[in-house]
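Asker: No sequence on hand, only this structure:
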């Protein structure tokens, strides 16, 4: 995790070598569980879409929708909860 | 069968009959398309590989297993977690080679072959070869090159179905693994 005054950069690396990178407000909590949730969303809406090719940019609407939802949830939860 | 963001208590169960029928339709269509068993076996392996490279992420995201330290751990995870999760069966692990780089998965029953009988003109067809591809693809994504092949098959009159897994080497290069 990289930290500056204006943001924190969180990185989650899977056993398959995929890296999920999240840039967040330094005070934002719950990023670890957000990263895991994003992994699940990726494995669902990107990988289970047979028309998505591995390594390519993800242009799957369902993926983006669900990602957006997860970010909103994390944002709401993070401002009230204790630091993770 | 699309999943909502918050599945909650929504049931994920699908009829295993539909699964058996779907797989059967796939194999018979391949037999019509390719006309010889060896080509069908290769196609099943390729398809399995493409499934495996995607399935591994779902598996890792959902099962929370950590990195395996050796091939024995890998074998355990495959048999006790992965097979259970995806096929609802727990194969047993036997016949370890002295070097610890080969083992067998013994499947007492195989959901893919419920109700299936192999006709005489398809005696060299490896009906469930998809599974070998899946194993190969999934393990390749976690940097292990393996060989998986059926050495016994209930469909061919053997008592059990046996998949022999052989560790070839660790994959060190970080080139992206594509689909075949």
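Answerer: Alright, I've got the coordinates. Please read all numbers here as calculations on a predicted model, not as lab measurements. Numbering: from 1, shown residues only, chains lettered A, B, ... in the order given.
Asker: Is stretch B:70-90 positioned near chain A?
Answerer: No - if you take C-beta under 8 Å from any C-beta of the partner chain as the test, stretch B:70-90 misses chain A, and the best it gets is 11.0 Å. Heads up, the C-betas are built off the backbone N, CA and C, glycines and all.
Asker: Looking at that stretch now, give me its mean pLDDT.
Answerer: Averaging pLDDT along stretch B:70-90 yields 94.
Asker: can you pull the buried residues of it?
Answerer: B:71, B:74, B:75, B:77, B:78, B:79, B:81, B:82, B:83, B:87 (16 or more other C-beta atoms under 10 Å in any protein chain shown).
Asker: ditto for stretch A:54-69
Answerer: Here stretch A:54-69 shows A:54, A:60, A:62, A:63, A:66, A:67 as buried, counting by 16+ other C-beta under 10 Å.
Asker: between these, which is closest to residue B:133?
Answerer: residue A:54 (15.4 Å; C-beta to C-beta).
Asker: And that closest one, how far from residue B:84?
Answerer: Noted for residue A:54: a distance of 26 Å to residue B:84, by C-beta to C-beta, to the nearest Å.
Asker: and of the buried residues of stretch A:54-69, the nearest to chain B?
Answerer: Distance to chain B, by C-beta to the nearest C-beta, is smallest for residue A:66 among these, at 4.9 Å.
Asker: The closest one: what secondary structure?
Answerer: Of the three states, residue A:66 takes helix under DSSP: H, G, I helix; E, B strand; the rest coil.
Asker: Tell me the confidence at it?
Answerer: So, for residue A:66, pLDDT stands at 94.
Asker: Next, please give the residue ranges for the helices of the chain.
Answerer: As the question left the chain open, I've gone with chain A. A:31-41, A:61-80 (DSSP state H).
Asker: um, chain B though
Answerer: Counting by DSSP H, the helices of chain B are B:16-34, B:37-63, B:71-76, B:83-87, B:129-141.
Asker: ok, back up a step: from the buried residues of stretch B:70-90, pick the one nearest residue B:103.
Answerer: Closest to residue B:103, out of all of the buried residues of stretch B:70-90 and judged by C-beta to C-beta, is residue B:75, at 5.2 Å.
Asker: is it true that the closest one touches residue B:93?
Answerer: Yes - between residue B:75 and residue B:93 there is a contact under C-beta atoms under 8 Å: 5.0 Å.
Asker: Point out where the chain drops to low pLDDT.
Answerer: No chain in the question, so chain A it is. A:79-84 (pLDDT under 70).
Asker: meant chain B actually
Answerer: In chain B, residues with pLDDT under 70: B:1-12, B:173-180.
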